[in-house]
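Peer 1: Build me a model:
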Amino acid sequence: MTFHTPLLKTLLLPLTTLALLTGCESDTENQDSMTPFTLNFSAVSGSEQVSCDSTFMGFGHEGHYSVSVSDLRFYVSNLAFYDQYGEMIEVNLDDSDFQLNHEKGSVALVDLTSNSSGSCANDAIQYAEGTARTNSMITGMMMDTGISKVTFDIGVPQSLMKEIIGTSSAEDAPSPLNEMYWSWASGYRHLVMNFAIENMSGHKGEGYLHIGSRGCGSDGLLALENKDSCDFINTPKVELNNFDPTVNTIALDINALLADLPFTASMSGGHGSHSENEHSENTDMMTPMPSVTCHSAAPSMQPDCGSIFANLGLNTDDGSATAASNSVVVSQ
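Peer 2: Modelled structure (predicted):
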């Protein structure tokens, strides 16, 4: 049977209208079923909360060192929730000074220390660089089907890092990518923890733990200017099962992060020896200075990086990450 054109249009129009209405209703239903979520973060030393005014004992192979955290910040990206059947749940981050949604990826900054008191004060350690503002949560909207697992990366996605560095100066980059810029590497540090150290004899030193990508381009070029990803991405992965954001907190355990480190007395000062020559120091060469130093170099150059990378589930040979080997980030 052949329909004349007017009749065909008459039959098709209602069907088209119905399809459009159905699509609109589907979109509206999706939006209506999205609910707010909050992920809470903290820093702990075992079962105790870490703050700028706390000091923790028992570090080093013999347990002879104490640690006071002065700066603890890290980026979170590729956040995903899963339901009890292992199906991924749709997630959208809010836009804020601590959360950026970009066509190249979304990222949030967790900053668990200020710069105004205790070990976080500007004069507490030689190279204090903490910020006044803090942020211990990530917020957004999710398809509410019940969360049983959360996964994410600690760090800035490579494509986003390439885009921001290529189009913005460090100061002009959109928040929160206007901090944690790694000047000597022309990239971003994924995680920073600076801290004061003291041994049982009262000798004081400092620890500088900076996890970031390396091998990101040729000398004289911006990071990723001539490539799409760094040779060593060094982005730790996290996977927390049986996780309920309304009950559980995501905790970074400094005991696990600093496990198996010798806190070896250094004759070169609290910032230790590192190939990047980020700073120079004048210290009393006769005073033993306990230190921890890792600026994401190979363990042959910075031995502390071997243990720190292993604790974070990072492979020092190629910069890859395994969530199951990350003992540092836990659910509480």
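
Peer 1: what ranges of this structure fall below the confidence cut-off?
Peer 2: Applying pLDDT under 70 to the chain picks out residues 1-32, 265-287.

Peer 1: one more time with 50
Peer 2: 1-3, 5-13, 15-22, 24-28, 267-284 (pLDDT under 50).

Peer 1: would you say Thr113 is within a helix?
Peer 2: No: going by DSSP: H, G, I helix; E, B strand; the rest coil, the assignment for Thr113 is coil, not a helix.

Peer 1: residues near it, how many?
Peer 2: For Thr113, the count of nearby residues is 25 (other C-beta atoms under 10 Å). For the C-beta atoms, the positions are set from N, CA and C on the backbone; glycine is no exception.

Peer 1: for it, what are its contacts?
Peer 2: For Thr113, the contact set (C-beta atoms under 8 Å, 6 or more residues apart in numbering) comprises 43, 51-52, 69-73, 120, 130, 134.

Peer 1: Could you point out the helix or strand that follows the lengthiest strand in the chain?
Peer 2: Ranked by residue count and defined by DSSP state E, the top strand of the chain is strand 65-82. Sequence-wise, the next helix or strand downstream of strand 65-82 (DSSP states H and E) is strand 88-89.

Peer 1: what's in contact with that following strand?
Peer 2: With C-beta under 8 Å, 6+ apart as the criterion, strand 88-89 contacts 80-83, 142-143, 145, 147.

Peer 1: filter these to the buried ones?
Peer 2: 81-82, 142, 147 (16 or more other C-beta atoms under 10 Å).

Peer 1: Greatest separation within those residues: which pair is it?
Peer 2: Spatial extent of the buried ones among the contacts of strand 88-89 (C-beta to C-beta) is set by the pair Tyr82 and Met142 at 11.2 Å.

Peer 1: Count the residues that sit near Asn194.
Peer 2: 26.

Peer 1: what's near enough to touch it?
Peer 2: Asn194 touches 69-72, 125, 127-130, 206-209, counting by C-beta under 8 Å, 6+ apart.

Peer 1: repeat that for 7 Å
Peer 2: Taking C-beta atoms under 7 Å, 6 or more residues apart in numbering, we find Asn194 in contact with 70-71, 125, 207-208.

Peer 1: What lies in contact with the helix or strand where Ile164 lies?
Peer 2: Under the criterion of DSSP H and E, Ile164 resides in helix 158-167. The contact list for helix 158-167 (C-beta under 7 Å, 6+ apart) reads 102, 104-105, 107, 173, 177, 186-188, 222-225, 228-230, 233.

Peer 1: buried residues in it?
Peer 2: 158, 160-165.

Peer 1: and if you look at stretch 313-320?
Peer 2: Those would be 313-314, 316, 319, for stretch 313-320 by 16+ other C-beta under 10 Å.

Peer 1: re earlier: for the buried residues of helix 158-167, which one is nearest Asp95?
Peer 2: Using C-beta to C-beta, the buried residues of helix 158-167 come closest to Asp95 at Leu160, 14.8 Å.

Peer 1: And that closest one, how close does it get to Pro176?
Peer 2: 12 Å (C-beta to C-beta, to the nearest Å).

Peer 1: next one: Asp253
Peer 2: 23 Å.
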